[in-house]
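Engineer: Here's my sequence, what's the structure:
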Amino acid sequence: MKKKTRLIHGGLFGDEATGAVSTPIYQVSTYKQQGVGVHKGYEYSRTGNPTRFALEELIKDLEGGERGFAFASGMAAITAVMMLFNKGDHILLTDDVYGGTFRVITKVLNRFGLEATFVDTSDLENVKKEIKPNTKAIYLETPTNPLLKISDIEAISGIAKEKGLLTIVDNTFSTPYWQTPIALGANIVLHSATKYIGGHSDVVAGLAVADSAALADELHFVQNSTGGILGPQDSWLLIRGIKTLGVRMEETENNAGKIVDFLQKHPAVTKVYYPGIASHPNHHIAKKQSGGFGGMISFDVGSAEKADQVFSKIKYFTLAESLGAVESLISIPARMTHASIPVERRAELGITEGLIRISVGLEDAEDLIEDLNQALEN
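Structural biologist: Now for the predicted structure:
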C-alpha cells in the first residue's frame, strides 16, 4: 500500500456496524457489560474508546509500529513516555529541543529523580561520549526545533542497541509521510499531533507509537494510570486531518523550497536554516532518512528590533505559537516557543533574538514571498 493510500485506508476504515465511511464519534464514558468483566472490548473510556482506538490503529500503521497511543497534547505524550523510566535513570536528549520538552525535563520530571543531559545529537561522537552507566534512552528531535538540525536516526539507534538503550524520536516536523523512525531502528515515535497531523489549528493532541508489544503494554499502563488521554471528538478530527496529510505535506514543501530560495538571496537575512539546503551540515542524512525536507524554515535578521519590524509589517503570516497548519505562521522562538529556556542556554545553542521561525502553509507561494519581501524592506 502506497503512502497516500495508507493515510486513507490504514487503521480501521469506516464503521462495520453501519457502513459509514467515517469513523463515528463515540461520545461515551462507560460501556454496558454482559457480566462482571465480560464486555465487547471496552469498559471505560480512559482505558479505551472506539474513536480513539481507530486513531491509534491508524498512527500505528503509518509509523510501522506495534501499537499507537493518543494523548491530550504532545506534552502529555512526552511525559507519559518519560514515565517509563525510574528514579536515577539518565536520558540523553537533543540539545535543540522544543522549549516545552526542555521545561518538563528540567523543571518537572527532575523532581522525581530523572536525570538528563542535552547534547548535539547531530554529531555521533557527542552521543557516544555522553552515554553513562545509568543512561536508559536517547531522545531525538530531527529536524530540531527551531534550528532544524538533523540527527542520524539509524546510526544513533545502532549505538543505542549496542548499549541496551531505547531510542525515542520526536517526529513532529517530518510526520510519518516523510519519515518513519521505527523503520530506522527507533523504539518509540512521538508527535505533537496539534501540528501537521491535525493540520488545521483546531485540535491539541499528542501521539506515540511503540515498536514492541512489551513496550506498548508498559506505555498503555502509564496512559491508563495517569489518564492524559485524547477525547473522541479530537480523535475524530485527527483521523480527518490525516486523510489529507500527504497532499498538505507535498504542497507545503513545494512552497517552502521557493521561500528558502528567496530568503537566501535577500540582503536583510543573515542566515537561513533548512535541511533542504545543500550546504546544511547534515543535508545528506536528511536525504537518506526522509522523503522530504518539510515546511519549517528558520532565518536570522540580526536583532530583536529587526525581527519586530518584520512582525509589524507581515500580512499573510500569522504571528502565533504552533506550526504545521494550512495557514502560514511566524514566530520568534527566543520570546515565544523557547522562552522557557534560559537566556544563556539559548545563546549557546544559537537561538538568537533575531531568529525567526516560519511554518509554511498552503497559500500561494508568490503571495508569501511578496509578503516576506515587503516585511524585510528597510
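
Engineer: where does the stretch 251-378 of the chain have low pLDDT?
Structural biologist: Filtered on pLDDT under 70, the stretch 251-378 of the chain yields the residue ranges 378.

Engineer: Report whether residue 207 is found in a strand, as I expect.
Structural biologist: Yes. Assigned with DSSP: H, G, I helix; E, B strand; the rest coil, residue 207 falls within a strand.

Engineer: Over to the residue lying closest to it once chain neighbours are set aside. Which of the three states is it?
Structural biologist: Spatially, and ignoring its direct neighbours in sequence, residue 207 is nearest to residue 191 (4.3 Å; CB to CB, 6 or more residues apart in numbering). C-beta coordinates here come from the backbone N, C-alpha and C atoms, glycine included. Three-state call for residue 191 (three-state DSSP): strand.

Engineer: Show me where this protein has its helices.
Structural biologist: Counting by DSSP state H, the chain has helices at residues 3-9, 50-63, 74-82, 99-103, 124-130, 153-163, 175-178, 213-226, 232-243, 245-265, 283-289, 304-313, 343-349, 365-376.

Engineer: Need the winner for burial among those helices.
Structural biologist: Of all the helices of the chain, helix 175-178 has the most neighbours on average by mean count of other CB atoms under 10 Å, namely a mean of 26.

Engineer: Now do that helix: which elements does it pack against?
Structural biologist: Contacting helix 175-178 under the criterion 3 or more CB pairs under 8 Å, 6 or more residues apart in numbering; DSSP states H and E are the following elements: helix 50-63, helix 245-265.

Engineer: average model confidence for that helix?
Structural biologist: The average of the pLDDT scores along helix 175-178 is 98.

Engineer: Kindly export that helix (C-alpha atoms) in CSV.
Structural biologist: Output of helix 175-178 as CSV, limited to C-alpha atoms (Å, rounded to 0.1, in the frame of the first residue of the first chain):
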residue,chain,number,x,y,z
THR,A,175,5.4,13.3,10.1
PRO,A,176,5.2,9.6,9.0
TYR,A,177,4.6,10.9,5.5
TRP,A,178,8.2,11.9,5.1
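
Engineer: From the chain's centroid, how far away is that helix?
Structural biologist: 10 Å (CA atoms, centre = their mean, to the nearest Å).

Engineer: Could you verify my assumption that residue 257 touches residue 276?
Structural biologist: Yes. Using CB atoms under 8 Å, residue 257 is in contact with residue 276, at 6.4 Å.

Engineer: Need the residues touching each of those two.
Structural biologist: Taking CB atoms under 8 Å, 6 or more residues apart in numbering as the contact rule, residue 257 and residue 276 both touch residue 293.

Engineer: which other residues reach stretch 263-274?
Structural biologist: So stretch 263-274 is contacted by 146-148, 256, 260, 277, 280, 293, 296-302, 306, 354, 372-373, 376-377 (CB under 8 Å, 6+ apart).

Engineer: For it, list the C-alpha coordinates in PDB.
Structural biologist: Taking Å, rounded to 0.1, in the frame of the first residue of the first chain, the C-alpha atoms of stretch 263-274 are listed here in PDB:
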ATOM      1  CA  LEU A 263      15.500  34.200   1.700                       C
ATOM      2  CA  GLN A 264      18.900  33.000   0.800                       C
ATOM      3  CA  LYS A 265      19.200  35.900  -1.700                       C
ATOM      4  CA  HIS A 266      17.700  38.600   0.500                       C
ATOM      5  CA  PRO A 267      20.300  41.100   1.900                       C
ATOM      6  CA  ALA A 268      18.400  41.500   5.200                       C
ATOM      7  CA  VAL A 269      18.700  37.800   6.000                       C
ATOM      8  CA  THR A 270      22.000  36.800   7.700                       C
ATOM      9  CA  LYS A 271      21.400  33.100   7.800                       C
ATOM     10  CA  VAL A 272      18.800  30.500   6.700                       C
ATOM     11  CA  TYR A 273      18.200  27.200   8.400                       C
ATOM     12  CA  TYR A 274      16.600  24.500   6.300                       C
END
